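Novice: take a look and give me a structure for this.
(chains A and B)
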Amino acid sequence: MLKNRVKELRARNNFTQSDLGKLVGVTRQTIAFIEKGEFSPSITLALKLSKELKEPLEQIFWLEEEIR
Amino acid sequence: MNIRLLYPFYNILSCIILLFIGWGFTRSTTTVTENSMEYTLHPVAVIAWFVLVLFIIAMVVLVKKHNKKNPDKKINTFSIKPPEYNEEDEMYQFATMNATKKVYTFLTWALPLILALLLFPIPFSKFSIFAIIVCVIIIQNLIFFFEMRKFKEE
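Specialist: This is a model prediction of the structure:
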């Protein structure tokens, strides 16, 4: 399962779900589902999130069985 | 709730109204006399036609209201693509894809089964065939709705 730190990094950057959604071109609901781990974003969206959250991709998303 | 999410229920409602029209038509009578022929439409069919017209007007008003409120998410009622498809972003595209896949699976089984059922030497009336098709449409729309609801707005 794909885990992520989107919620934590979004809060650190003072973004609301709507703000982040607008920056990466998706709805607020999509950001909410990504944060809950209920939707795995495409590589394009993941890269856009990485850019806006100012963190390398592997620091935002990882597979559950991986030891970070 | 989002109008796109509820669209399957509007489809179901319109099919139920059509079911009443169909029932009324099958109970309508034609009286043939020596020099005239009189067709009497069953009152249920007349009322159902009236309800259908009201329903269409209500839908047009609802869609217009939605389009005015959401100019970036307009619904084109005359588009060949069903309005219940939500392709706003990649998550909704994924949800729509899942829902249509489930509906396709259902139809893949349901239609041949109905064909097999119709092959039985049972005297199916025109209305019973009509009702079977309406049932398929209702189930198909319920499958679509419940799949899309998993991704509903919080």
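
Novice: measure stretch B:25-42 end to end?
Specialist: This stretch, stretch B:25-42, spans 7 Å end to end (C-alpha to C-alpha, to the nearest Å).

Novice: quick one: that stretch to chain centroid distance?
Specialist: Put simply, stretch B:25-42 sits 29 Å off its chain's centre (C-alpha atoms, centre = their mean, to the nearest Å).

Novice: can you name the residues in contact with that stretch?
Specialist: B:23-24, B:44-45, B:125-127, B:130 (C-beta atoms under 8 Å, 6 or more residues apart in numbering or on different chains). Using the backbone N, CA and C atoms, a C-beta is placed for each residue, glycine as well.

Novice: go again with 10 Å.
Specialist: Stretch B:25-42 is contacted from outside by B:20-21, B:23-24, B:43-46, B:48-49, B:125-128, B:130, using C-beta atoms under 10 Å, 6 or more residues apart in numbering or on different chains.

Novice: what of stretch B:47-64?
Specialist: In contact with stretch B:47-64 (C-beta under 10 Å, 6+ apart) are residues B:3, B:6-7, B:10, B:13-14, B:16-25, B:41-42, B:74-77, B:83.

Novice: mind listing the helices for chain A?
Specialist: A:6-12, A:17-24, A:28-35, A:43-53, A:57-60 (DSSP state H).

Novice: got the angle between the fourth one and helix A:17-24?
Specialist: This points to helix A:43-53. 110 degrees (axes from the mean of the first three to the mean of the last three C-alpha atoms, to 10 degrees).

Novice: and helix A:43-53, what's buried?
Specialist: A:45-46, A:48-50, A:52-53 (16 or more other C-beta atoms under 10 Å in any protein chain shown).

Novice: and which of the residues you listed is nearest to B:Asn141?
Specialist: Distance to B:Asn141 across those (C-beta to C-beta) is lowest for A:Leu45, with 29.9 Å.

Novice: helices along chain B, start to end?
Specialist: B:3-26, B:43-69, B:90-119, B:126-149.

Novice: please identify the deepest-packed of the ones you listed.
Specialist: Of the helices of chain B, the one with the most neighbours on average (mean count of other C-beta atoms under 10 Å in any protein chain shown) is helix B:3-26, at a mean of 18.

Novice: closest one to A:Phe15 among the helices of chain B?
Specialist: helix B:90-119 (17.9 Å).

Novice: now that closest one: mean pLDDT?
Specialist: The average pLDDT for helix B:90-119 rounds to 96.

Novice: figure out how far it is from the centre of its chain.
Specialist: 15 Å.
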